[in-house]
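*Asks:* Here you go, sequence then predicted model.
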Amino acid sequence: MKAMVLTDLLKIEIVEKPDPAIKKADDVLVKMKSVGVCGSDIHYYKEGRIGNQIVNFPFTLGHEGSGIVEKVGAGVRNVKKGDRIAFDPSMPCFKCDQCLAGRPHTCRNIIFMGCPGQAEGCLSEYIIIPSSSCYPISEKITFEQAALSEPLSIGLYATMLAGKLKNTRIAVLGSGPIGISVMLSANHYGAERVYMTDLLDERLAIAKSMGAHWTGNPDKEDIVSSILQEETLQVDVVFECCGKQEALDQAFTLLKPGGKLVIVGVPSFENWIIGTEEMRKKELVIQNLRRQNEALHPTLELISSGKIRPEKMVTHTYSFDQVASAFDLVAGYKDGVMKAMINF
């Protein structure tokens, strides 16, 4: 089979690999159909690492995907040959203290697809994944939508961690795919107003078309002052979705006393700088997020029912042999890209 592998920084090549084989009773062989290029893929592509997760070249990236079941192991009951599926790239052990406590996303022994030192990614013609990661999809869901369910489920989980959002005023700092996913979920849960920021006007235009109440570019205006002109009592929740120190600083000023900051973005640096004055006097709550916690299935249900419509997130599509061009586009924020999809 063919696979797209990262052979060096900023270098992706097509290579031939042996076809994967069923080895365990719960193995599922999947023929890939769609893969989304994620921001974490770009960290590995440009920097070769995220924190202590360091790429050992060559390595196959990709974890947002969908496909068709080709073959299943003897113990698989939830999917069968020919099923159209989305999949959760997290592969927990289901045995450790975290898994037993209902936190499989922080499993002590977790294996994550496309994560260095854990598992190869899904930018290949075929993959093997455990049946517990497979979710059949209805004919109402396209393969692209199914692949989008992975980032969308992060947005859904982030809003769950934020608490009750009905009639709230919130700010989402960073209008990339994760920020849009947060906005879609927040609107679904009844947020009254969602303020979106980004450095790319094209992304702000997409956010506005998908349901943002207000959008602003920090390079062109003082977004804190602009938002506070409308929200004189400040906002209830801020979702930091870009991994930037400037956004964290803005969040503390935007939040009302007793407000909540949900940190969703993945920074490229090691330490946040947190000002203590506003955080202490306002009694602010800071909530970190680690991927998603069993939120993929409800996300697929929301897509299938039409309650969340993510299609406008996809701005560019590429064939499998154009993966290098897709990564170059996303890494350079070129041509107003929001989400680039690879279709097999």
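*Replies:* That came through, no problem. Please read all numbers here as calculations on a predicted model, not as lab measurements.

*Asks:* how close does F94 get to K220?
*Replies:* 48 Å (Cβ to Cβ, to the nearest Å). Where you see a C-beta, it was placed from the backbone N, CA and C, and this is true even at glycine.

*Asks:* which outside residues touch the helix or strand where S185 lies?
*Replies:* Using DSSP states H and E, S185 sits within helix 177-188. Helix 177-188 has contacts (Cβ atoms under 8 Å, 6 or more residues apart in numbering) with 36, 38-39, 151-156, 158-159, 162, 165, 170, 172-173, 175, 194, 196, 198, 206-207, 210-212, 239, 241-242, 264-265, 302, 307-310, 313, 338-339.

*Asks:* Just after the host helix or strand of A326, pick out the following helix or strand.
*Replies:* Here A326, judged by DSSP H and E, is contained in helix 323-331. Past helix 323-331, further along toward the C-terminus, the next helix or strand under DSSP H and E is strand 339-343.

*Asks:* Give the other helices and strands that that following strand contacts.
*Replies:* Using 3 or more Cβ pairs under 8 Å, 6 or more residues apart in numbering; DSSP states H and E as the contact criterion, the neighbours of strand 339-343 among helices and strands are strand 27-36, helix 143-162, strand 314-319, helix 323-331.

*Asks:* Looking at these, which is nearest to H105?
*Replies:* helix 143-162 (8.2 Å; Cβ to Cβ).

*Asks:* the inter-axis angle of that closest one versus strand 27-36?
*Replies:* 90 degrees (axes from the mean of the first three to the mean of the last three Cα atoms, to 10 degrees).

*Asks:* which parts of helix 143-162 are buried?
*Replies:* Judged by neighbour count (16 or more other Cβ atoms under 10 Å), helix 143-162 contains these buried residues: 143-162.

*Asks:* That one: how far from the chain's middle?
*Replies:* The chain centroid and the centroid of helix 143-162 are separated by 7 Å, computed with Cα atoms, centre = their mean, to the nearest Å.

*Asks:* neighbouring contacts of the helix or strand just after that helix?
*Replies:* Using DSSP H and E, the helix or strand that follows helix 143-162 in sequence is strand 169-173. Contacts with strand 169-173, where a contact means Cβ under 8 Å, 6+ apart, come from 162, 179, 182-183, 186, 191-197, 212, 227, 231, 235-242, 244, 247, 250-251, 254.

*Asks:* Helix or strand with the lowest mean pLDDT in this structure?
*Replies:* Among the helical and strand segments of the chain, the one scoring lowest on mean pLDDT, DSSP states H and E is strand 49-50, with a mean of 90.
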